[in-house]
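Chemist: Quick one, structure for this:
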Amino acid sequence: MIDIDTYGQIKLLVEGGLGYSILPRAALREEMAKGSLRAWPLGVPLLSRDLHLVRPADRPARRAVRVIEDLAFATLVRLVRDGVWPATLAEEAPPARAGGDLE
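Modeler: Residues are numbered from 1 along each chain as shown. Coordinates of the predicted model:
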């Protein structure tokens, strides 16, 4: 058993025939398109996880942080709507800004 933390390293080992892995389908897009890796669903019930965009709640966010939050959220929504990332969106707008904002 090998414990590796990056998808890139994991995919290289699997492509080299050194094992199997459980990875998100979105992480395999390129390899599946070129035919170097194949993926199978694990069965029912489907595995799922919640993802959260997180920052400290005890201090205001600067404008740059808000811009990155909005960009990250918009990118996630686009990936899901385009079918690149198979997921269900919990809401269509970024959450209320806790902790206030700083310009």
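Chemist: Distance check, residue 40 against residue 50.
Modeler: When C-beta to C-beta, to the nearest Å is the yardstick, residue 40 and residue 50 sit 24 Å from each other. C-betas here are computed from N, CA, C, even on glycine.
Chemist: For stretch 77-93, give me every contacting residue.
Modeler: Defining contact as C-beta atoms under 8 Å, 6 or more residues apart in numbering, one finds that stretch 77-93 is touched by 24-26, 29, 50, 76.
Chemist: Which residue, other than its chain neighbours, is closest to residue 50?
Modeler: Take residue 50 and drop its neighbours on the chain: the residue closest to it by C-beta to C-beta, 6 or more residues apart in numbering is residue 90, 7.9 Å away.
Chemist: secondary structure class for that neighbour?
Modeler: Classification of residue 90 into helix, strand or coil gives coil, according to DSSP: H, G, I helix; E, B strand; the rest coil.
Chemist: Please report the number of neighbouring residues for it.
Modeler: Residue 90 has 9 neighbouring residues, counting by other C-beta atoms under 10 Å.
Chemist: and residue 54, how many neighbours?
Modeler: Taking other C-beta under 10 Å as the neighbour definition, residue 54 ends up with a count of 6.
Chemist: Next: residue 64.
Modeler: Neighbour count of residue 64, defined by other C-beta under 10 Å: 9.
Chemist: likewise residue 78?
Modeler: Here the count is done by other C-beta under 10 Å, and residue 78 has 11 residues near it.
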